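Q: Got a sequence here, can you model it:
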Amino acid sequence: MMHPKEEKTFVLIKPDGVRKGLIGEIIKRFEQRDLKVVAMEMFQATRKEIDSHYPKADSWVRRLGEKTLSTYEKNGLSIDEVKKDFGTTDLLKVGKVVRGWLVDFMVSAPMVRMVVQGVHAVPMVRKIVGATMPASAEMGTIRGDYSADSALSANLERRSVYNLIHASETTEEAAHEIKHWFGKHPIHKYKRFGIDE
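A: Numbering: from 1, shown residues only. This is a model prediction of the structure:
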């Protein structure tokens, strides 16, 4: 059985996080919580890499469409507004448009990929990062402190939500994403002073 200190998760600082100059602050937040970065690289993603990162299954894409429709409804906008903005109300087609915005955004500037290790790294990192929608994220989290974007703003501006960072949701997702993004790159082992000793 793996020791909880050995749990690893995948983190991706998105183009908006890089362009806002938050790389150091984000790493600092993890290290302050006794997590350690065991692999890291700044890179420019290709469309193929990003396309492979995000699921293509109709169920996942349709869920993007459902979330978009829900965002419109929560903000008092009608289905006619969805049709006007997307040219359709078909949830799969709407989801494909949103997925396309996401891919476009993720290749728009360099990003930083990293593997973070520590006690319950997956849920700990998610807690530090905050809710997916920055406008709903608690103050004290990365998203709550450094972004105020919302799904409605993104939809109306025909772009992806600017939420600074991606962090794996489960240990299975972390393993998949680490393999996808780091492949043969080394994952380092070292002891942090005061934590591992």
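Q: Just give me the residue closest to the centre of the protein.
A: By Cα atoms, centre = their mean, the chain has its centre lying nearest to residue 166, at 1.9 Å.
Q: Against which helices or strands is the strand or helix carrying that one packed?
A: Residue 166 is part of strand 165-167, with elements assigned from DSSP states H and E. The helices and strands touching strand 165-167, judged by 3 or more Cβ pairs under 8 Å, 6 or more residues apart in numbering; DSSP states H and E, are strand 8-13, helix 121-129. The C-beta positions use only the backbone N, C-alpha and C, and glycine is treated the same way.
Q: The ones you listed: which one's closest to residue 188?
A: Closest of the helices and strands packed on strand 165-167 to residue 188 is strand 8-13, at 11.2 Å (criterion: Cβ to Cβ).
Q: pLDDT of the helix or strand just after the closest one, averaged?
A: Per DSSP H and E, the first helix or strand lying C-terminal to strand 8-13 is helix 15-19. For helix 15-19, mean pLDDT rounds to 98.
Q: mind listing what's buried in helix 15-19?
A: By neighbour count on 16 or more other Cβ atoms under 10 Å, the buried set for helix 15-19 is 15-18.
Q: For the following helix or strand past that helix, list every residue counted as buried.
A: Downstream of helix 15-19, the next assigned helix or strand under DSSP H and E is helix 23-32. Neighbour-count burial for helix 23-32 flags 23, 26-27, 29-30 (criterion: 16+ other Cβ under 10 Å).
Q: And for the residue lying closest to residue 132 once chain neighbours are set aside, the neighbour number?
A: Leaving out its chain neighbours, the residue that sits closest to residue 132 by Cβ to Cβ, 6 or more residues apart in numbering is residue 163, at 6.1 Å. When neighbours are counted by other Cβ atoms under 10 Å, residue 163 registers 25.
Q: ok now do residue 163, which residues does it touch?
A: Contact analysis of residue 163 by Cβ atoms under 8 Å, 6 or more residues apart in numbering lists 14, 16, 132-134, 143, 147, 149.
Q: same question, residue 55
A: Applying Cβ under 8 Å, 6+ apart to residue 55 gives the contacts residue 61.
Q: Next, it: secondary structure please.
A: Here residue 55 is recorded as coil under DSSP: H, G, I helix; E, B strand; the rest coil.
Q: For it, give its distance to residue 173.
A: Shown here: residue 55 relative to residue 173, a distance of 10 Å by Cβ to Cβ, to the nearest Å.
Q: do residue 143 as well
A: 19 Å.
Q: neighbour count winner among these two?
A: Counted by other Cβ under 10 Å, residue 143 and residue 173 do not tie: residue 143 has more neighbours, with 26 against 14.
Q: Helices of the protein, residue ranges please.
A: Remark: helices assigned in the chain by DSSP state H are 15-19, 23-32, 47-53, 58-74, 79-86, 91-106, 121-129, 142-146, 151-156, 171-182.
Q: export the ones you listed to a markdown table and tack on distance to residue 40?
A: Below are the helices of the chain laid out as a markdown table (distance: least, Cβ to Cβ, whole Å):
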| stretch | distance to residue 40 |
| --- | --- |
| helix 15-19 | 13 |
| helix 23-32 | 8 |
| helix 47-53 | 17 |
| helix 58-74 | 28 |
| helix 79-86 | 37 |
| helix 91-106 | 18 |
| helix 121-129 | 14 |
| helix 142-146 | 16 |
| helix 151-156 | 28 |
| helix 171-182 | 10 |
